[in-house]
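Colleague: what's the 3D shape of this:
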Amino acid sequence: MNRLKRALAMVQDEKRMDERKEKIIDNFYEHLKQPEIEDFSRTPYCDTEGKNTVGAGLRIPQYKDIADLTLTSKKGPVNADNPAWREPQKQSFLKQLNEFCNNKQIRNLPRKGQFDKYQKIYHETMPYFQADELDARGKDYIRQNALPEAIKNVQNVGIDFYNDLTDDGQKGFLDMQYNLGGNKFKLIDLYDPEQINKSSLQYKQELSADPESYRKPEIYKDLTDHDYWPALSMESKNRNPAGMARESHRIGINNKRNNVTKGYFENAFKNPWKSD
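Modeller: Got it, this is the predicted structure:
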C-alpha cells in the first residue's frame, strides 16, 4: 500500500513539474514574440548573422527544418485558392533563401525591405508559414534546447533554476540562452577547480590559484574567447541582481532587448544576496 502511495505521489510530482515547465515555456515564448525581442513573422527573413529565420527567431537553415511545415503563397489557411507547397517548391525556395541571406546588404534591411527585395529579385513573394505550426515548433525548441541548456548553465554557478529564480530571473537566463545559443553563453564557477580543469582554458593554473585573476585582460580574453561570461558568472554566483543586470549587456543586440533582460535580472531571485 505504501509503495502504491509513493508511486502515485511520484506521478503527481512529475505531472506538477511538467505543468510548471510548460507554463515557463509559454511565458517565455510570449516574451520572445514582443516586437523589441524577436517579434513574430509568418514570412521568412534573414537575421543579422545572415541566417534563415522565421516565427520568433526560429532558424531554418536546412530543408529538414521546414519539411513538415506548411508553406503557402498567400497569408491564410490552406484551401483550394491557397494550396500548400509541395516538396520541390519548398526545396527550391530554401535554396533561394540561402543565396538571398548570404548577401550582407540584404540582411541589414528591415524585414519589410527584405520581403520586397526578395520579390524584386526572384519575381515571387516570400511564402507564408502557418502561425500555429510556428508556435509549436518554437516552443518545442525551447523545451528541447534553450530550457535544459539554461538549467544546466545556472547550475554551474550554484543556482537552482526552478527553486531559486523568480519568473523574471528564469526569463532573463532563458533570453540569454535563446539569443546567444549554448555555444556562446556559458557560465562558470571560477571558485570551482573542477570546472576550470575540465575546461579548455589556457590560464587554468592562474584561475585555480586566484579566481579573481579573471579580471586580468589576458585571462578575461581567454575566458570570453571560450564563450564564458566571467563577470556575469561571478555576480550570479554571489546572487547580486544589480551586478547581474549590469553584466548581462550583449554587444550587437538592440538596446530595448538588453534593457528588458536587465530588468528581469534586477528581480532575479526569490531570496537575493544569498551566497553559497
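Colleague: Where do the helices of the stretch 151-276 of the chain begin and end?
Modeller: Taking DSSP state H, counting those that start in this stretch to define them, one finds helices in the stretch 151-276 of the chain at 161-164, 167-180, 193-198, 204-209, 217-225, 230-237, 241-247, 255-266.
Colleague: Make CSV from the ones you listed and add distance to G113 to it.
Modeller: Using the backbone N, CA and C atoms, a C-beta is placed for each residue, glycine as well. Conversion of the helices of the stretch 151-276 of the chain to CSV gives the following (distance: least, C-beta to C-beta, whole Å):
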stretch, distance to G113
helix 161-164, 39
helix 167-180, 23
helix 193-198, 45
helix 204-209, 46
helix 217-225, 33
helix 230-237, 34
helix 241-247, 33
helix 255-266, 20
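Colleague: Where does pLDDT dip in the stretch 101-250 of the chain?
Modeller: Nowhere does the stretch 101-250 of the chain drop to pLDDT under 70.
Colleague: between the helices of the stretch 151-276 of the chain, which gets nearest to F115?
Modeller: For those, proximity to F115 was assessed by C-beta to C-beta; helix 255-266 is nearest, at 22.1 Å.
Colleague: what's the angle between that closest one and helix 230-237?
Modeller: For helix 255-266 against helix 230-237, the angle by axes from the mean of the first three to the mean of the last three C-alpha atoms, to 10 degrees is 30 degrees.
Colleague: buried sites along helix 255-266?
Modeller: 257-258, 260-262, 264-266 (16 or more other C-beta atoms under 10 Å).
Colleague: how much space between G181 and C101?
Modeller: 18 Å (C-beta to C-beta, to the nearest Å).
Colleague: ugh, wrong one, D140
Modeller: For D140, the distance to C101 - C-beta to C-beta - is 23 Å.
Colleague: now S199
Modeller: From S199 to C101 the distance is 33 Å (C-beta to C-beta).
Colleague: Of all the helices of the stretch 151-276 of the chain, which one is nearest Q89?
Modeller: Going by C-beta to C-beta, the one of the helices of the stretch 151-276 of the chain nearest Q89 is helix 167-180, 30.4 Å.
Colleague: Tell me how far A231 lies from P193.
Modeller: 20 Å.
Colleague: hey, where'd the helices end up in the stretch 1-150 of the chain?
Modeller: Remark: helices assigned in the stretch 1-150 of the chain by DSSP H, counting those that start in this stretch are 2-32, 87-101, 104-107, 111-122, 131-141, 147-155.
Colleague: Can you give me the buried ones in the last one?
Modeller: In other words, helix 147-155. Neighbour-count burial for helix 147-155 [16+ other C-beta under 10 Å]: 147, 149-151, 153-154.
Colleague: Give me whichever of the helices of the stretch 1-150 of the chain is most buried.
Modeller: Ranked by mean neighbour count, the helices of the stretch 1-150 of the chain are led by helix 147-155 with a mean of 19 (mean count of other C-beta atoms under 10 Å).
Colleague: Can you tell me which of the buried residues of helix 147-155 is closest to N52?
Modeller: If you rank the buried residues of helix 147-155 by distance to N52 using C-beta to C-beta, E149 comes first, at 21.7 Å.
Colleague: my read: that closest one touches N183, true?
Modeller: No - applying C-beta atoms under 8 Å, one finds E149 not in contact with N183, separated by 9.7 Å.
Colleague: what's the nearest residue to L58 if we skip its chain neighbours?
Modeller: Nearest non-adjacent residue to L58, counting by C-beta to C-beta, 6 or more residues apart in numbering: G138, 5.2 Å away.
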